[in-house]
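Trainee: 3D model of this:
(one chain, ligands or ions: 1)
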Amino acid sequence: MSTHRTTGTTPAIRTRALTKTYGTHRGLSGLDLDVERGEVLGFIGPNGAGKSTTIRLLLDLLRPTSGTVEVLGQDPRTGGAGLRRRIGYLAGDLVLPERMTGARVVDLLTTLSGARGDATVRRRVLDLAERLDLDLSRPSRTLSKGNRQKIGIVQAFVHDPELLVLDEPTSGLDPLVQQTFHALVREAAARGATVFMSSHIISEVEQTADRVAVLREGRLIALATVPELRARSSRHVEVEVDAGAGVGPDALAADLALQGAAVRPAVHGGTRVAGEFPGEPADLVARLAAAPWRESLRDLVAEAPDLEAAVLRFYAPSSAADRQPGEQVPA
Ligand SMILES: Nc1ncnc2c1ncn2[C@@H]1O[C@H](COP(=O)(O)OP(=O)(O)OP(=O)(O)O)[C@@H](O)[C@H]1O
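Mentor: Below you'll find the model as predicted:
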């Protein structure tokens, strides 16, 4: 295992005005981003937002048009093999040699990344394969997309790198394997590794990410912690009171400050409304406790906050146009 993780004083990743254009086409525009050591950062954005471009710039697979990038305190351009060995990388467009077995591919890639084929690494390969339910004895060409992706995950994690850079890592994985993957990310973070992982949907990163950076059309349009996003997103709430309470739907919605309230069929023959509650759970409890109809409450539903909806507001062209890069999620 590496001994120099969490000892660095510089961020694991630092970009300043990082820009990449493809001819006249914009790939990434002026990215300023610090990813702290030991942090899990979810890098999300719709197709074509510039996620893979950023990742390739971090790994010196692409060169910036302008701006700077530092990875583990070094310039990826000059860091060479020494720097690469400290990084576990899963490519978004993973291509595997068709005839090689999973075991051979992992062996080759771990050798290239500098992890010698010692007993610790061999044990780690077998452990990862077992946890991911991956048969290493089969040639890559006979594997499904999800099983190929597992090979990519094994080779990224096997040498316990200081920094994991993962491009759409859960692509093709079934929900059970996704849970195993999230556990691997949490374990890596627990030992002090930094994880930079891209996705186009937040639900894939919210379980593990400390912060989420939202990219759209090559620009960083939001950077927030998951709790901040959660606090700023609304939750779907339904309340139902006894018919005998004589409370109308408008009063119910007003007492709870529900947004976009609509009348719903009442399960128990009373009055039922549904709407979005934008505050914290404690605010909802306080409003319920203060409501004149609280003794007549028959049913209550309060769903988990919809982070997807909160983030989708940033994807909408109108919301992004005037926002500055890095601006926090508004309330
Ligand atoms: N080699 C290239 N030549 C020209 N344009 C490119 C090239 N690579 C990327 N682009 C363009 O740059 C923009 C950003 O692409 P990028 O692949 O970084 O986005 P992404 O966020 O990773 O998207 P996805 O989620 O679809 O993988 C897109 O408009 C894309 O068409």
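Trainee: only C-alpha atoms for contact and neighbour calcs from this point on.
Mentor: Noted.
Trainee: give me phi/psi at the closest residue to residue 39 other than its chain neighbours?
Mentor: Spatial nearest neighbour of residue 39, excluding adjacent residues (CA to CA, 6 or more residues apart in numbering): residue 194 at 5.0 Å. Taking degrees, to the nearest 10, you get phi -100, psi 140 for the backbone angles of residue 194.
Trainee: mind checking how far residue 194 is from residue 34?
Mentor: Distance from residue 194 to residue 34, counting by CA to CA, to the nearest Å: 12 Å.
Trainee: before we move on, what about residue 105?
Mentor: For residue 105 relative to residue 34 (CA to CA), the value is 33 Å.
Trainee: more neighbours, those two?
Mentor: Using other CA atoms under 10 Å as the criterion, residue 105 and residue 34 rank with residue 105 on top: 21 against 16.
Trainee: list the contacts for the closest residue to residue 257 other than its chain neighbours?
Mentor: Among residues not flanking residue 257 along the chain, residue 277 sits closest, at 6.9 Å (CA to CA, 6+ apart). Residue 277 makes contact with 234-237, 256-259, 284 under the criterion CA atoms under 8 Å, 6 or more residues apart in numbering.
Trainee: Correct me if wrong, but residue 33 is in a strand.
Mentor: Yes. Assessed with DSSP: H, G, I helix; E, B strand; the rest coil, residue 33 lies in a strand.
Trainee: what about it, distance to residue 291?
Mentor: Taken as CA to CA, the span from residue 33 to residue 291 is 45 Å.
Trainee: Shouldn't residue 125 be within a strand?
Mentor: No. Per three-state DSSP, residue 125 lies outside any strand segment and is helix.
Trainee: before we move on, the earlier item: overlap of the contact sets of residue 194 and residue 34?
Mentor: With CA under 8 Å, 6+ apart as the test, residue 194 and residue 34 both reach residue 12.
Trainee: just checking, residue 241 touches residue 297?
Mentor: Yes. Using CA atoms under 8 Å, residue 241 is in contact with residue 297, at 4.5 Å.
Trainee: For residue 26, what are phi and psi?
Mentor: Torsion angles, degrees, to the nearest 10, at residue 26: phi -80, psi 130.
Trainee: Residue 241 and residue 297: which is more packed in?
Mentor: residue 241 (26 against 16).
Trainee: Test of understanding: give the bridge partners of the more buried one.
Mentor: Counting by DSSP bridges, residue 241 is bridged to residue 271, residue 297.
Trainee: and it, what does it touch?
Mentor: 247, 270-272, 293, 296-299.
Trainee: change it to 7 Å
Mentor: Residue 241 sits next to 270-272, 296-298 when contact means CA atoms under 7 Å, 6 or more residues apart in numbering.
Trainee: of these, closest to the ligand?
Mentor: residue 272 (40.9 Å; CA to the nearest ligand atom).
Trainee: Any regions of the stretch 151-300 of the chain where pLDDT drops low?
Mentor: Along the stretch 151-300 of the chain, segments meeting pLDDT under 70 are nowhere present.
Trainee: In it, what residue lies closest to the ligand?
Mentor: For the stretch 151-300 of the chain, CA to the nearest ligand atom, closest residue to the ligand: residue 200, 5.8 Å.
Trainee: Enumerate every residue touching that residue.
Mentor: 44-47.
Trainee: do that again at 6 Å, thanks
Mentor: 44-46 (CA atoms under 6 Å, 6 or more residues apart in numbering).
Trainee: Stretch 260-267: which residues count as buried?
Mentor: Residues of stretch 260-267 classed as buried: 261, 263, 266 (neighbour count, 16 or more other CA atoms under 10 Å).
Trainee: Distance to residue 167 and secondary structure for those - can I get that in CSV?
Mentor: Shown next, in CSV, are these (distance: CA to CA, whole Å; DSSP: H, G, I helix; E, B strand; the rest coil):
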residue, distance to residue 167, secondary structure
261, 39, strand
263, 43, strand
266, 46, coil
